[in-house]
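**Q** The following block contains a protein sequence and its predicted model.
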Amino acid sequence: MLTSPAPAPAPAPAPAPPPDRLRQLVHLVHAHLEEWWDTKGHNWQSAKMGQRLP
């Protein structure tokens with residue numbers, strides 16, 4: 001009788017990044033989300049007015 005091989009063990013979790021690097025990443029993501037949100041609102045307002053605002 002043939003049996004399938006045992007599944008490979010799961011990889012070890014990556015160590016946590018240093019706190020200052022994590023803060024830097026959170027800051028970057030937050031800044032990009034704010035910029036995207038502001039741009040989205042600006043584009044929505046332009047579309048509502050029927051023209052592109054500079």
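**A** Structure's in. What do you need?
**Q** SS state for the most centrally placed residue in the chain?
**A** Nearest to the geometric centre of the chain sits Val29, at 6.6 Å (CA atoms, centre = their mean). Secondary structure state of Val29, per DSSP: H, G, I helix; E, B strand; the rest coil, is helix.
**Q** so how far is Lys40 from it?
**A** 16 Å (CB to CB, to the nearest Å). Every C-beta, even on glycine, is put in place using the N, C-alpha and C of the backbone.
**Q** Spit out the contact partners of the residue nearest to the centre of the chain.
**A** Val29 makes contact with no residue, according to CB atoms under 8 Å, 6 or more residues apart in numbering.
**Q** And the helices in the protein?
**A** For the chain, applying DSSP state H gives helices covering 19-49.
**Q** which stretches of it have low pLDDT?
**A** Counting by pLDDT under 70, the chain has low-confidence residues at 1-2, 41-54.
**Q** how close does Pro15 sit to Pro9?
**A** The value you get for Pro15 to Pro9, if CB to CB is used, is 18 Å.
**Q** and if you look at Pro18?
**A** 27 Å.
**Q** Look at these two and report which has more neighbours.
**A** Set Pro18 next to Pro9 and count neighbours by other CB atoms under 10 Å: Pro18 wins out with 9 against 6.
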